[in-house]
Structure formats: C-alpha cells, structure tokens
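K.L.:
Let me see the structure of the following:
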Amino acid sequence: QVQLVESGGGLVQAGESLRLSCAASGRTFSRYAMGWFRQAPGKEREFVAGIIWSGGSTFYADSVKGRFTISRDIAKNTVYLQMNRLKPEDTAVYYCAAVRRGLGFPRTLREYDYWGQGTQVTVSS
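P.N.:
Numbering: from 1, shown residues only. Sure, this is the predicted structure:
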C-alpha cells in the first residue's frame, strides 16, 4: 500500500511563505511524476505544480508561476512545495499526488494514481 502524507499547512498572512512536504511510504513504487493540487471551498480540485521524478523537470499553473516552487528529495522519497508571496486566493486544502506511468507533464486529476489526505492552507488578508 502506497501512502502519501502531507504536512506543513497552516494559517499565514498575505505575503508570507509556507513550505509543504509530502512523504511517500509503504511499498516501494516507481513513479513518473508527482504533483500538488488544491481545492478551495465550493470549487473543483485544480492543478498547482508538478515534477518529473527522474529528471526533475517542473511545471506550474499560471496562477502560481513565479511564487511557488516544487522540488523533490529522492533519498527521502519526499516532494516539497515552497509557497512565497501567498495571497488570500491561495487558501485551499492542498493535496499531494503521484503518477505511476505517464508522458509529458501531467496536469489533470485522472492522470494521477495515488493521493494524500490533504493539508489546509489558510491565507488571511
């Protein structure tokens, strides 16, 4: 059983920063990519950022480009999301997810095979 466990969420003021972590545990699994999604109240879950596991290429939603950075530590089996210059509209539950096999830069929910439980990020104005 593969488990993805997010941490690092919290309450911050606009303009501040947070770093989310997602640790993968359980049986060893190969993955093509990992990503972060978010879901605000009353809205659909949306793609935020992704990283190709082997090569490290990254890709982002336009709404976070230049403010958020995704990275991974292969030895620790962990992916991170550094969020800077946070805005109230970034408030959401943030989910970590993994793709077993894929091509290109996966941005849709259906491309991801494993999901974490989510961590709340709240940005006050």
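K.L.:
Let me know the average pLDDT across stretch 45-58.
P.N.:
Stretch 45-58 shows a mean pLDDT of 97.
K.L.:
start to end distance for it?
P.N.:
One end of stretch 45-58 to the other measures 20 Å (CA to CA, to the nearest Å).
K.L.:
Okay, and the residue positioned nearest the centre of the chain sits in which element?
P.N.:
Taking CA atoms, centre = their mean, the centroid of the chain lies closest to residue 36, which sits 2.0 Å from it. Residue 36 is part of strand 33-39, with elements assigned from DSSP states H and E.
K.L.:
which residues are contacting that strand?
P.N.:
By CB atoms under 8 Å, 6 or more residues apart in numbering, the residues outside strand 33-39 that reach it are 20, 22, 45-53, 70, 72, 79, 81, 90, 92-99, 102, 105-107, 109, 112, 118, 121. C-beta coordinates here come from the backbone N, C-alpha and C atoms, glycine included.
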